[in-house]
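Q: Requesting a structural model of the entry that follows:
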Amino acid sequence: MDINFNKNEDHNKLLLTDLKQKFAKIKLGGGEKRIEKLHAEGKMTARERIDYLLDANAKNIEIGGFVGYGMYEEHGGCPSGGVVVKIGYIKGKQCVVVANDATVKAGAWFPITAKKNLRAQEIAMENRLPIIYLVDSAGVYLPLQDEIFPDKEHFGRIFRNNAHMSSMGITQIAAVMGSCVAGGAYLPIMSDEAMIVDKTGSIFLAGSYLVKAAIGETIDNEILGGATTHCEISGVTDYKAKNDKDALDRIKNIVSKIGDFDKAGFNREKSQKPAFDEKEIYGILPKTRNEQYDMNEIIKRLVDNSEFETYKDGYGQTIITGYARIDGWAVGIVANQRTVLKSKTGEMQFGGVIYSDSADKATRFIANCNQKKIPLVFIQDVTGFMVGSKSEHGGIIKDGAKMVNAVANSVVPKFTIIVGNSYGAGNYAMCGKAYDPRLIFAWPSAELAVMGGTQAAKVLAQIETSSLKAKGETVDKIKEKEVFDKIKARYDEQVSPYYAASRLWTDAIVDPLDTRTWISMGIEAANHSPIEKKFNMGVLQV
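A: Predicted coordinates for the structure are as follows:
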């Protein structure tokens, strides 16, 4: 291995160490003292509940682990958005599990909590997966109620989704393992089956204090809405559980009896590990944003037996397209190529940029995968579309529009991995979040923004220094540098993969070595949902 490989490897492993350290802290939720308090009440934490529920030694993936990271600091923070979401297996059946974290503001719903819950429901609906709710929440976080209550993508959308999933025949099971109040009380009761834990679970539209204030009635919460009340008097819940484990065991028993599902029929053979060492990804992926590397070398370390059948290999070389298998599943791969290439006409093509011929090739390949019912995997390291008079006169906008159209109208499941840059319209064309990938995740090396940090900071700094000069202020070279450095620091924070993950622009930040698991579990989930629409690109300018 050369010295550059070693430098890259050290850099990427440091990024991974930082990721693991940050996530270890996030997994503590509201902190060790609050975890101890929960245990003293005879309750398990959200993560303990999910770990007990999911099959031991089976793979699982966590959605939105970094949601809320760096947000709501003035309110004490909201680790993981106050809710834990995982896709895993219960009695061998793939399910989505959603668990309120009562150590974070008693499980109260922040605005980002609602967004994360809606994402979990979206995954369940797109893939027709059973969804399990482990409820332990004090309801809406009132200081931020105006950001969570009335809009289309706010709190109420969750109950609308409950109703839609029920009509779609998607199994929903709820266990009330703590507080379940106000509007939140509808979630478990709109599920197919609901259970409540005796003495710790409670369900009511208004607690005892509010009842006293509203109608003058004096009553305690247990009589008002405890397990005995709802299992023996109101009939609101279906089962009374002795404790958390009893409730989780009952969920396992219910799931074990769910019948088989109609399959989409995606092709799968026996899984094979890559022939090349996956760990070499750390040394191949460059430390700097402008350094070249061959994306084919990354692909070889992600696909079965390192076998990749390229499509139109010599044409449109800044996008790589081809067929492969990941954990046995047939996939079509669309990936950006950061290496600077020379076309047969002698023209230089800069890596990471989408040219007209690259967009044309990708459009044709996406159509082919839809024709053959092959899931698509997009690997992003893109700076955008090529600019300048030659590209404009050559119709780059038209060719880019074709690619965006193909991505938007694709009916096979799409999965997106951001390994490096994800800038501007390149993010859209390569199936960014706005284009409905079933899963979208980033490596620690990723950046998401309208443009790169240095370029953006230069533009913004020029605007700000011009404004200062217009006000009569003296702006020398030192002042210009101060302005630039300040803007660059702010912009660098915003392009970070953590900034994107905290806002759920991506589902996770993952170790590159976990990529195969994410894609495989994603396609397995998508296989639960037969394709009902035909691929149609609509009206296009040819």
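Q: just the helices in the stretch 1-150 of the chain please.
A: Secondary structure of the stretch 1-150 of the chain (DSSP state H, counting those that start in this stretch): helices located at 3-26, 32-40, 46-53, 111-127.
Q: Dump those helices to CSV, plus mean neighbour count, mean pLDDT and distance to M165.
A: (Glycine included, C-beta is placed from N, CA and C.) As requested, the helices of the stretch 1-150 of the chain are exported to CSV (neighbours: other CB atoms under 10 Å; pLDDT from 0 to 100; distance: least, CB to CB, whole Å):
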stretch, mean neighbour count, mean pLDDT, distance to M165
helix 3-26, 15, 97, 28
helix 32-40, 14, 96, 29
helix 46-53, 21, 98, 19
helix 111-127, 22, 97, 6
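Q: A99 is nearest to which of those?
A: Using CB to CB as the measure, helix 46-53 is the one of the helices of the stretch 1-150 of the chain that comes nearest A99, at 3.9 Å.
Q: Only alpha carbons, please: show the closest one as CSV.
A: Coordinates of the C-alpha atoms in helix 46-53 are reproduced here as CSV (Å, rounded to 0.1, in the frame of the first residue of the first chain):
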residue,chain,number,x,y,z
ALA,A,46,-36.5,2.3,25.0
ARG,A,47,-33.4,0.6,23.7
GLU,A,48,-33.6,-2.3,26.2
ARG,A,49,-37.2,-2.8,25.1
ILE,A,50,-36.3,-3.0,21.4
ASP,A,51,-33.3,-5.3,22.1
TYR,A,52,-35.5,-7.7,24.1
LEU,A,53,-38.2,-7.6,21.4
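Q: moving C-terminal of the worst-scoring helix or strand of the chain on mean pLDDT, what's the next helix or strand?
A: Evaluated with mean pLDDT, DSSP states H and E, the helix-and-strand set of the chain has its lowest mean pLDDT in strand 348-349, which scores a mean of 68. Going down the chain from strand 348-349, the next helix or strand is strand 353-354, by DSSP states H and E.
Q: What strands flank that following strand, and is each parallel or antiparallel?
A: Here strand 353-354 has these sheet partners by DSSP bridges: strand 384-385 (parallel).
Q: which residues sit against whichever helix or strand comes after the partner strand?
A: Next helix or strand after strand 384-385 toward the C-terminus (DSSP H and E): helix 389-393. By CB atoms under 8 Å, 6 or more residues apart in numbering, the list of residues contacting helix 389-393 from outside reads 355-356, 385.
Q: Can you name the element that comes right after helix 389-393?
A: Elements were assigned by DSSP H and E; along the chain past helix 389-393, the next helix or strand is helix 396-409.
Q: what packs against that following helix?
A: Other helices and strands packing on helix 396-409, by 3 or more CB pairs under 8 Å, 6 or more residues apart in numbering; DSSP states H and E, are helix 356-372, helix 424-429.
Q: Nearest to K488 among those helices would be which one?
A: Counting by CB to CB, K488 lies closest to helix 424-429 out of those; the figure is 18.1 Å.
Q: Would you mind pulling up the elements that the closest one packs against?
A: Using 3+ CB pairs under 8 Å, 6+ apart as the contact test, the elements touching helix 424-429 are strand 353-354, strand 376-382, strand 384-385, helix 396-409.
Q: So what touches whichever helix or strand comes after it?
A: Elements were assigned by DSSP H and E; along the chain past helix 424-429, the next helix or strand is strand 439-442. Contacts of strand 439-442 with the rest of the structure, by CB under 8 Å, 6+ apart, involve 123, 415-419, 422, 431-433, 448, 497, 500-501, 506-510, 518-519, 522.
Q: Could you tell me which strands sit next to strand 439-442 in the sheet, and their orientation?
A: Checking strand 439-442 against DSSP bridges gives partners strand 414-423 (parallel), strand 508-509 (parallel).
Q: What segments of the stretch 201-350 of the chain are strands?
A: Shown for the stretch 201-350 of the chain, the strands assigned by DSSP state E, counting those that start in this stretch span residues 202-204, 239-241, 309-310, 319-326, 329-336, 341-342, 348-349.
Q: of those, which approaches G82 most closely?
A: With CB to CB as the measure, strand 202-204 is the member of the strands of the stretch 201-350 of the chain nearest G82 (18.6 Å).
Q: gap between that closest one and the chain center?
A: Relative to the centre of its chain, strand 202-204 is centred 31 Å away, using CA atoms, centre = their mean, to the nearest Å.
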